[in-house]
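S.K.: coordinates for the following, if possible.
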Amino acid sequence: MELLCLETVELDCGSQLKSRTVRAFRDAVLTQDSRVQQNLLSSERPNISSRPEPGSVTENTDVQPYMRRILTGWMLQLSVICEQVCEDQKCEEEVFPLAVHYLDRYMSQHPVQKSRLQLLGTVCMFLASKLRESVPLSASKLSVYTDHGVTIPEILQWEVLVVSRLNWDLASVLPSDFLEVLLQGLPLQNPTLVRRHVHSYIALTATELKFSIFTPSAVACSCVTAAVIRLNVLTETLTADALLQVLRNLLNVDETSLCECYSALEDTIELTLGRTSPDLTCTPDDVQDVMR
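M.R.: Prediction:
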């Protein structure tokens, strides 16, 4: 008997056939297995030593912290635009945080010219989509989304450069990897709504360099706590401190680090809510401003 694996399926929509990308579904049997949780925790520990310190990303380079913020903001907008423009190029929620992880690791080890920032961010999105998507972002589409500021040959050349300088170590644990384990351990009224908010908070932490010092499990616990408390969807009343303690026990996260991470997240959320909502239709030309 042969096993058949299809990346797309055809749907009969009246007079025409439409293709739909097949995506993995959540398997409660796996996420409820304690061995999965332990494997994630043990896998994130080796990554801690490779996680860049906030100061090292812009050290020995002419790239300033505000330039990284502009770049990551554009990368986030790019992931949203990809989903809005073309369904088969939809970005999973894990793509952007993983791309930023590659970006920070690269910049902490190798100087980057300001004129190459957009190219580096594009390549990191390209690589991350290959790791987390069944249908990755194409180099041609990415070039179009940069208004051809980045060419296809440049993307393909820098793809090899980036992975080689990262020692081909691209499989990293993300905060979202802990999400199902945490949600299944809580009495929630609307898990789907919480899940959507948590992914938004995880993306927010990726745009802020200060969160790079925290483990993915600590970021996950903080984002879940912030989402649950703000949405008020628990079937029983818990304070933020009590909820943090519950989640900390689930993943055995360092209490001091978790409290610092949650405090930083609350400050960042409040600051973000006070800003004007970003225009997701703006062109990538904004990234070029960091070169001037």
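S.K.: count the residues that sit near Thr237.
M.R.: Counted by other CB atoms under 10 Å, the residues lying close to Thr237 total 7. Using the backbone N, CA and C atoms, a C-beta is placed for each residue, glycine as well.
S.K.: repeat that for Leu250.
M.R.: Using other CB under 10 Å, Leu250 is surrounded by 18 other residues.
S.K.: list the buried residues of the one helix or strand Trp74 maps to.
M.R.: Under the criterion of DSSP states H and E, Trp74 resides in helix 65-85. By 16 or more other CB atoms under 10 Å, the buried positions in helix 65-85 come out as 67-68, 70-72, 74-79, 81-82.
S.K.: closest to Arg230 out of these?
M.R.: Nearest to Arg230 among the buried residues of helix 65-85: Leu76, at 20.2 Å, using CB to CB.
S.K.: shouldn't that closest one be in contact with Thr207?
M.R.: Yes - under the criterion of CB atoms under 8 Å, Leu76 makes contact with Thr207 at 6.4 Å.
S.K.: show me the shaky parts of this structure.
M.R.: 1-33, 45-62, 82-91, 274-292 (pLDDT under 70).
S.K.: point to the residue nearest the middle of it.
M.R.: Nearest to the geometric centre of the chain sits Pro97, at 1.9 Å (CA atoms, centre = their mean).
S.K.: what's the spacing between it and Gln37?
M.R.: Plainly put, Pro97 is 19 Å away from Gln37 if you go by CB to CB, to the nearest Å.
S.K.: repeat that for Ala206.
M.R.: Counting by CB to CB, the separation of Ala206 from Gln37 is 22 Å.
S.K.: of those two, who's got more company?
M.R.: Regarding Ala206 and Gln37, a neighbour count based on other CB under 10 Å identifies Ala206 as having more, with 24 against 21.
S.K.: which secondary structure element contains the more buried one?
M.R.: Element membership for Ala206 (DSSP H and E) is helix 191-207.
S.K.: for that helix, packing partners?
M.R.: If contacts are counted by 3 or more CB pairs under 8 Å, 6 or more residues apart in numbering; DSSP states H and E, helix 191-207 sits against helix 65-85, helix 95-109, helix 179-184, helix 216-231, helix 255-273.
S.K.: out of those helices, nearest to Leu170?
M.R.: Between Leu170 and the helices and strands packed on helix 191-207, the shortest gap by CB to CB is with helix 95-109, which sits at 7.3 Å.
S.K.: quick revisit: minimum distance to His148: which of the helices and strands packed on helix 191-207 has it?
M.R.: With distances scored as CB to CB, the stretch of those nearest to His148 is helix 65-85 (14.3 Å).
S.K.: relative to helix 95-109, how tilted is the closest one?
M.R.: Relative orientation of helix 65-85 with respect to helix 95-109: 150 degrees, computed using axes from the mean of the first three to the mean of the last three CA atoms, to 10 degrees.
S.K.: dump helix 65-85 to PDB, keeping only the CA atoms.
M.R.: What follows is helix 65-85 as a C-alpha-only set of coordinates in PDB (Å, rounded to 0.1, in the frame of the first residue of the first chain):
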ATOM      1  CA  PRO A  65      17.800  50.200  17.100                       C
ATOM      2  CA  TYR A  66      15.000  52.300  15.500                       C
ATOM      3  CA  MET A  67      16.000  50.800  12.100                       C
ATOM      4  CA  ARG A  68      15.400  47.300  13.400                       C
ATOM      5  CA  ARG A  69      12.000  48.500  14.600                       C
ATOM      6  CA  ILE A  70      11.200  49.900  11.200                       C
ATOM      7  CA  LEU A  71      12.300  46.700   9.500                       C
ATOM      8  CA  THR A  72      10.500  44.300  11.700                       C
ATOM      9  CA  GLY A  73       7.400  46.400  11.400                       C
ATOM     10  CA  TRP A  74       7.600  46.100   7.600                       C
ATOM     11  CA  MET A  75       8.200  42.400   7.900                       C
ATOM     12  CA  LEU A  76       5.000  42.100   9.900                       C
ATOM     13  CA  GLN A  77       3.100  44.100   7.400                       C
ATOM     14  CA  LEU A  78       4.500  41.900   4.600                       C
ATOM     15  CA  SER A  79       3.100  38.800   6.300                       C
ATOM     16  CA  VAL A  80      -0.300  40.400   6.600                       C
ATOM     17  CA  ILE A  81      -0.200  41.600   2.900                       C
ATOM     18  CA  CYS A  82       0.700  38.100   1.700                       C
ATOM     19  CA  GLU A  83      -2.400  36.800   3.400                       C
ATOM     20  CA  GLN A  84      -4.700  39.500   2.000                       C
ATOM     21  CA  VAL A  85      -3.400  39.500  -1.500                       C
END
